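Asks: Sharing a model that was predicted from the sequence below.
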Amino acid sequence: MVVDDEHPVLVSAAAVLSEDFHVLTASSAAEALKWMERHTVDVLCTDFNMPGRNGIHLLREATARQPHMSGVLVTGHAEYLEKRDKYDAQGLYYLLIKPYEPARLIEIVQRAAESARLKRVMSTLTSELGAWKRV
């Protein structure tokens, strides 16, 4: 899922990613969270600076709802550096600094998708191990 309040950015990022991924789009954090009530999201790629909830708040709430999801935070370099201490996300997301090349966006989302896949595998293995120990 790609989330950005700037329509041209949203459309272009979705177009770049749609060659390799099934892409959902949302123009706000509230819209993204609504989508997530009906759909499982492997990767949430969101802009940092949006009205209402910023990207980090969205990633925190989204991963609380879907713990196997991976996040990608897209931000301007100076903007992130000014706020990084306040919004320390402790490994919650991959970081992509603007401006970026489309190939870099694809690369980061591929890493995040692999991370989401591995989280699902680990969760399954942990559940199976727990069931085995109870036997």
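Replies: Arrived safely.
Asks: those strands in the chain, which residues are they?
Replies: 2-3, 25-26, 43-47, 70-76, 93-98 (DSSP state E).
Asks: and among those strands, the most buried is which?
Replies: With neighbours taken as mean count of other Cβ atoms under 10 Å, those reach their highest mean count in strand 2-3, at a mean of 28. No exception for glycine: its C-beta is placed from N, CA and C like everyone else's.
Asks: helices and strands around it, which ones?
Replies: Secondary-structure packing of strand 2-3 (3 or more Cβ pairs under 8 Å, 6 or more residues apart in numbering; DSSP states H and E): helix 7-18, strand 25-26, helix 29-38, strand 43-47.
Asks: Thr126: which of the ones you listed is closest?
Replies: Distance to Thr126, taken as Cβ to Cβ, is lowest for strand 43-47 among the helices and strands packed on strand 2-3, at 21.6 Å.
Asks: between the closest one and helix 7-18, how big is the angle?
Replies: With axes from the mean of the first three to the mean of the last three Cα atoms, to 10 degrees defining the directions, strand 43-47 sits at 150 degrees from helix 7-18.
Asks: Send me strand 43-47 as PDB with only the CA atoms.
Replies: Taking Å, rounded to 0.1, in the frame of the first residue of the first chain, the C-alpha atoms of strand 43-47 are listed here in PDB:
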ATOM      1  CA  VAL A  43       4.200  -3.400   3.000                       C
ATOM      2  CA  LEU A  44       3.000   0.000   3.800                       C
ATOM      3  CA  CYS A  45       4.900   2.800   2.000                       C
ATOM      4  CA  THR A  46       4.000   6.200   3.400                       C
ATOM      5  CA  ASP A  47       5.100   9.800   3.300                       C
END
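Asks: Okay, angle between that strand and strand 70-76 too, please.
Replies: 20 degrees.
Asks: so how far is strand 43-47 from its chain's centroid?
Replies: 4 Å (Cα atoms, centre = their mean, to the nearest Å).
Asks: Against which helices or strands is that strand packed?
Replies: Against strand 43-47 (3+ Cβ pairs under 8 Å, 6+ apart) you get strand 2-3, helix 7-18, helix 29-38, helix 55-65, strand 70-76, helix 102-134.
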